[in-house]
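Enquirer: mind looking at a prediction? Sequence and model below.
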Amino acid sequence: MKKQLLTSFYLEALLLIAAFVAMILVLTAVFGTARAKSVEAYRLTRAVTLAANAAEAVSAADSPEQAAALLDEGGNVRLAAGLIEAAYLADGSPCLDGNGALRLTVSWEASPEDAALVVNRITVFAADTQASVYTLETACFRKEAAA
(Lines give C-alpha, C1' and ligand atoms only; values in the text may rest on other atoms or scores of the structure.)
Protein backbone atom coordinates (compact mmCIF):
# COMPACT_ATOMS: atom_id res chain seq x y z
CA MET A 1 0.00 0.00 0.00
CA LYS A 2 2.83 2.36 0.85
CA LYS A 3 4.50 1.61 -2.49
CA GLN A 4 1.31 2.52 -4.39
CA LEU A 5 1.09 5.87 -2.53
CA LEU A 6 4.67 6.64 -3.44
CA THR A 7 4.01 5.74 -7.07
CA SER A 8 0.92 7.96 -7.13
CA PHE A 9 2.92 10.81 -5.62
CA TYR A 10 5.66 10.51 -8.25
CA LEU A 11 3.12 10.26 -11.08
CA GLU A 12 1.29 13.38 -9.89
CA ALA A 13 4.58 15.25 -9.49
CA LEU A 14 5.59 14.23 -13.01
CA LEU A 15 2.25 15.43 -14.42
CA LEU A 16 2.59 18.70 -12.53
CA ILE A 17 6.08 19.26 -13.91
CA ALA A 18 4.84 18.48 -17.44
CA ALA A 19 2.02 21.00 -17.01
CA PHE A 20 4.48 23.68 -15.84
CA VAL A 21 6.80 23.00 -18.77
CA ALA A 22 3.87 23.25 -21.19
CA MET A 23 2.80 26.59 -19.64
CA ILE A 24 6.35 27.91 -19.88
CA LEU A 25 6.55 26.92 -23.56
CA VAL A 26 3.20 28.58 -24.35
CA LEU A 27 4.15 31.77 -22.50
CA THR A 28 7.52 31.89 -24.25
CA ALA A 29 5.80 31.67 -27.63
CA VAL A 30 3.29 34.36 -26.64
CA PHE A 31 6.01 36.73 -25.43
CA GLY A 32 8.08 36.08 -28.56
CA THR A 33 5.13 36.91 -30.79
CA ALA A 34 4.41 40.02 -28.73
CA ARG A 35 8.02 41.17 -29.15
CA ALA A 36 7.84 40.72 -32.94
CA LYS A 37 4.56 42.67 -33.08
CA SER A 38 6.10 45.40 -30.94
CA VAL A 39 9.02 45.79 -33.35
CA GLU A 40 6.60 45.88 -36.28
CA ALA A 41 4.45 48.53 -34.56
CA TYR A 42 7.53 50.63 -33.75
CA ARG A 43 8.61 50.51 -37.41
CA LEU A 44 5.12 51.46 -38.59
CA THR A 45 4.98 54.39 -36.15
CA ARG A 46 8.32 55.70 -37.44
CA ALA A 47 7.17 55.23 -41.05
CA VAL A 48 3.96 57.19 -40.44
CA THR A 49 5.92 59.99 -38.77
CA LEU A 50 8.42 60.17 -41.65
CA ALA A 51 5.61 60.16 -44.25
CA ALA A 52 3.76 62.93 -42.40
CA ASN A 53 6.93 65.03 -42.25
CA ALA A 54 7.49 64.48 -45.97
CA ALA A 55 3.87 65.46 -46.71
CA GLU A 56 4.37 68.72 -44.81
CA ALA A 57 7.58 69.45 -46.72
CA VAL A 58 5.94 68.69 -50.07
CA SER A 59 2.98 70.88 -49.19
CA ALA A 60 5.28 73.77 -48.33
CA ALA A 61 7.46 73.41 -51.44
CA ASP A 62 7.00 74.72 -54.97
CA SER A 63 9.32 72.21 -56.64
CA PRO A 64 10.90 68.82 -56.00
CA GLU A 65 14.23 70.54 -55.38
CA GLN A 66 12.72 72.74 -52.69
CA ALA A 67 10.96 69.74 -51.10
CA ALA A 68 14.25 67.83 -51.08
CA ALA A 69 15.96 70.81 -49.45
CA LEU A 70 13.26 70.94 -46.76
CA LEU A 71 13.61 67.20 -46.06
CA ASP A 72 17.41 67.19 -46.09
CA GLU A 73 19.01 66.67 -42.69
CA GLY A 74 22.73 66.75 -43.30
CA GLY A 75 22.86 64.96 -46.64
CA ASN A 76 20.43 62.06 -46.24
CA VAL A 77 18.28 63.11 -49.24
CA ARG A 78 18.92 62.42 -52.93
CA LEU A 79 16.91 63.74 -55.86
CA ALA A 80 16.85 61.68 -59.07
CA ALA A 81 14.44 62.09 -61.99
CA GLY A 82 11.77 63.83 -59.94
CA LEU A 83 11.90 61.18 -57.22
CA ILE A 84 13.07 62.25 -53.78
CA GLU A 85 14.79 59.54 -51.72
CA ALA A 86 15.86 59.80 -48.10
CA ALA A 87 17.44 57.26 -45.75
CA TYR A 88 16.66 57.01 -42.04
CA LEU A 89 17.74 54.85 -39.14
CA ALA A 90 15.22 52.70 -37.26
CA ASP A 91 14.65 55.46 -34.69
CA GLY A 92 13.75 57.99 -37.40
CA SER A 93 17.01 59.92 -37.32
CA PRO A 94 18.71 60.66 -40.67
CA CYS A 95 21.14 58.12 -42.10
CA LEU A 96 23.90 59.86 -44.00
CA ASP A 97 25.45 56.82 -45.67
CA GLY A 98 22.20 55.75 -47.37
CA ASN A 99 22.05 52.32 -45.68
CA GLY A 100 19.37 53.07 -43.12
CA ALA A 101 16.63 50.82 -41.80
CA LEU A 102 13.94 52.94 -43.49
CA ARG A 103 13.95 54.47 -46.96
CA LEU A 104 11.51 57.24 -47.89
CA THR A 105 10.57 57.98 -51.49
CA VAL A 106 8.44 60.89 -52.69
CA SER A 107 7.15 61.17 -56.26
CA TRP A 108 6.26 64.60 -57.69
CA GLU A 109 3.85 64.58 -60.63
CA ALA A 110 1.63 67.25 -62.14
CA SER A 111 -2.01 66.22 -62.32
CA PRO A 112 -3.32 65.54 -65.84
CA GLU A 113 -6.54 67.47 -65.07
CA ASP A 114 -4.91 70.62 -63.68
CA ALA A 115 -1.27 71.61 -64.18
CA ALA A 116 -1.31 73.59 -60.92
CA LEU A 117 -2.18 70.47 -58.90
CA VAL A 118 0.78 68.36 -57.80
CA VAL A 119 0.14 64.73 -56.86
CA ASN A 120 2.62 63.06 -54.52
CA ARG A 121 3.03 59.45 -53.49
CA ILE A 122 5.06 59.10 -50.33
CA THR A 123 6.24 55.58 -49.53
CA VAL A 124 8.39 54.32 -46.68
CA PHE A 125 10.23 51.05 -47.28
CA ALA A 126 11.94 48.73 -44.82
CA ALA A 127 15.52 48.26 -45.91
CA ASP A 128 15.78 44.69 -44.65
CA THR A 129 12.76 43.39 -46.60
CA GLN A 130 12.37 46.03 -49.34
CA ALA A 131 8.65 45.89 -48.54
CA SER A 132 6.48 48.97 -48.29
CA VAL A 133 5.79 49.77 -44.64
CA TYR A 134 3.50 52.76 -45.25
CA THR A 135 2.21 54.68 -48.27
CA LEU A 136 0.57 58.11 -48.28
CA GLU A 137 -0.89 59.82 -51.33
CA THR A 138 -1.29 63.59 -51.21
CA ALA A 139 -2.03 66.44 -53.56
CA CYS A 140 -1.60 70.19 -53.27
CA PHE A 141 -1.73 73.28 -55.46
CA ARG A 142 1.54 74.95 -56.33
CA LYS A 143 1.81 78.46 -54.93
CA GLU A 144 2.86 80.17 -58.16
CA ALA A 145 -0.16 78.72 -59.94
CA ALA A 146 -2.56 80.53 -57.58
CA ALA A 147 -1.31 83.99 -58.57
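Expert: That came through fine.

Enquirer: surely F141 meets S111?
Expert: No: the criterion here is CB atoms under 8 Å, and F141 misses it with S111 at 9.6 Å. C-beta: built from backbone N, CA, C; applies to glycine.

Enquirer: intersection of neighbour lists for the two?
Expert: Taking CB atoms under 8 Å, 6 or more residues apart in numbering as the contact definition, F141 and S111 share the neighbouring residues 117-118.

Enquirer: list the residues that contact S132.
Expert: S132 makes contact with 123-125, according to CB under 8 Å, 6+ apart.

Enquirer: if we go to 6 Å?
Expert: Residues in contact with S132 (CB atoms under 6 Å, 6 or more residues apart in numbering) are 123, 125.

Enquirer: any idea how far it is from A126?
Expert: When distance is defined by CB to CB, to the nearest Å, S132 is 8 Å away from A126.

Enquirer: roughly how far does V30 sit from L14?
Expert: When CB to CB is applied, the distance between V30 and L14 equals 25 Å.

Enquirer: now swap in A60 and tell me
Expert: Between A60 and L14 the computed distance is 70 Å (CB to CB).

Enquirer: repeat that for G32.
Expert: When G32 is compared with L14 (using CB to CB), they lie 27 Å apart.

Enquirer: how about the backbone phi and psi for the nearest residue to G100 once chain neighbours are set aside?
Expert: Closest residue in space to G100, ignoring its immediate chain neighbours: A87 at 3.8 Å, by CB to CB, 6 or more residues apart in numbering. Note on A87: backbone dihedrals following degrees, to the nearest 10 are phi -110, psi 140.
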